[in-house]
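# Got a predicted model here, sequence first, then my questions.
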Amino acid sequence: MKYITISNLSFSYEEGGRLILKDINTEVKAGEFICILGQSGCGKSTLLRLLAGLEKPTEGEIRIGEQKIEGASLERGVVFQDYGLFPWMTAGENIMLALKQRFPERSKQELKDIALNMLKEVGLKETVYKMLPKELSGGMKQRCAIAQAFSMNPPILLMDEPFGALDAVTRARLQDLILKLWAQDNPKKTVFFVTHDVDEAMLLANRILVLGQSPSNIIYECVIPEDRRPTRENQFENLEMLKMRTELIRQINRDVAKHIE
């Protein structure tokens, strides 16, 4: 497991165009759960795409250990808000497609066993394996996408507002599921989780990076020690965490106000 280093990172979609990200610098330890927090349109998803290797920096670089990110890799799993499942394939076929690329040396039965086990891990029945995405609810599709990502066992997991389109109860269940899967891994995966929800970030992360308005950089960050991590039951009762929540909201609102002016 290696450090991830982001150095002087800037990005625009066109050469000489408006910068989306500007001069981002940070270092992430292996096994950290990082939430990237900020308002819609501030470049959170763009930063995730750069980490995934789906875009190339305009300036600067991202390194995993000594290796510069030059493109997509099976060492970095991605979970998107729109699930990322091929609609013409069953849930099982979607998971198997990823597994065949990740573990080409393993037999079909071995890969199927991994897929079925991960469906069970995310709380789905074996029958889901043969179901098409259109036959599944939004929560079930997102569970399948999570199962696909975790079954590949990447050391780095990138999640782009994966619960944004779900109802509150399903969202809470999947937040708990992600924390459970992350906590039971040994070694833990390094997770980057994009959200605009302060409460979600505080519930999931052990470190939060706040991006300002475009051109974005890191305007604030905070660390949540493991022994002080809030739970769903006490997150609005813990005075230290309430103070941190207030400061996060203040930083975001101050940045918004500055750009309005």
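Perfect, I can see it now.

# where does the stretch 1-150 of the chain have low pLDDT?
Scanning the stretch 1-150 of the chain for pLDDT under 70 picks out 1.

# all strands in it, in order from the N-terminus.
Under the criterion DSSP state E, counting those that start in this stretch, the stretch 1-150 of the chain contains strands at 4-11, 21-28, 33-37, 59-64, 67-68, 76-79.

# So the residue positioned nearest the centre of the chain versus residue 173, what's the distance?
By Cα atoms, centre = their mean, the chain has its centre lying nearest to residue 159, at 2.1 Å. Residue 159 sits 15 Å away from residue 173, going by Cβ to Cβ, to the nearest Å. All C-beta spots, glycine's among them, are computed from the backbone N, C-alpha and C.

# quick one on the thing from earlier: next, the residue nearest to the centre of the chain: secondary structure please.
strand (DSSP: H, G, I helix; E, B strand; the rest coil).

# Surely residue 201 is in contact with residue 37?
Yes - contact criterion Cβ atoms under 8 Å: residue 201 and residue 37 qualify, at 4.7 Å.

# Name the residues contacting each of the two.
Listed as contacting both residue 201 and residue 37 by Cβ atoms under 8 Å, 6 or more residues apart in numbering are 195, 208, 248.

# tell me the pLDDT at the first one?
Put plainly, it is residue 195. For residue 195, the model assigns a pLDDT of 92.

# go on, residue 261?
In this prediction, residue 261 carries a pLDDT score of 62.

# swap in residue 219?
For residue 219, the model assigns a pLDDT of 93.

# Check whether it sits in a helix, strand or coil.
strand.

# sorry, back to before: of the strands of the stretch 1-150 of the chain, which stretch is the most buried?
Highest mean neighbour count among the strands of the stretch 1-150 of the chain (mean count of other Cβ atoms under 10 Å): strand 33-37, with a mean of 25.

# so what secondary structure elements neighbour that one?
Counting by 3 or more Cβ pairs under 8 Å, 6 or more residues apart in numbering; DSSP states H and E, the packing neighbours recorded for strand 33-37 are helix 44-52, strand 190-195, helix 198-204, strand 207-211.

# Please repeat the previous calculation with a cut-off of 7 Å.
strand 190-195, helix 198-204, strand 207-211 (3 or more Cβ pairs under 7 Å, 6 or more residues apart in numbering; DSSP states H and E).

# just to revisit the earlier point, can you redo the shared contacts of residue 201 and residue 37 as a markdown table with distance to residue 3?
Below are these laid out as a markdown table (distance: Cβ to Cβ, whole Å):
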| residue | distance to residue 3 |
| --- | --- |
| 195 | 23 |
| 208 | 18 |
| 248 | 25 |
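
# Pretty sure the residue nearest to the centre of the chain sits against residue 81.
No - with contact defined as Cβ atoms under 7 Å, residue 159 and residue 81 do not form a contacting pair (9.0 Å).

# shaky segments in the stretch 151-261 of the chain?
261.

# try it again with 80
By pLDDT under 80, the weakly predicted segments of the stretch 151-261 of the chain are 164-166, 256-261.

# Okay, buried residues for stretch 231-242 please.
238, 241 (16 or more other Cβ atoms under 10 Å).

# Apologies, that question was intended for stretch 125-135.
Judged by neighbour count using 16+ other Cβ under 10 Å, the buried positions of stretch 125-135 are 128-129, 131, 133.

# quick check, nearest of those to residue 181?
Nearest to residue 181 among those is residue 128, at 17.2 Å by Cβ to Cβ.

# In space, what's closest to that closest one - neighbours in sequence excluded?
Nearest non-adjacent residue to residue 128, counting by Cβ to Cβ, 6 or more residues apart in numbering: residue 91, 5.2 Å away.

# swap in residue 177?
residue 122 (6.1 Å).

# quick revisit: measure the residue nearest to the centre of the chain to residue 150 for me?
The value you get for residue 159 to residue 150, if Cβ to Cβ is used, is 11 Å.
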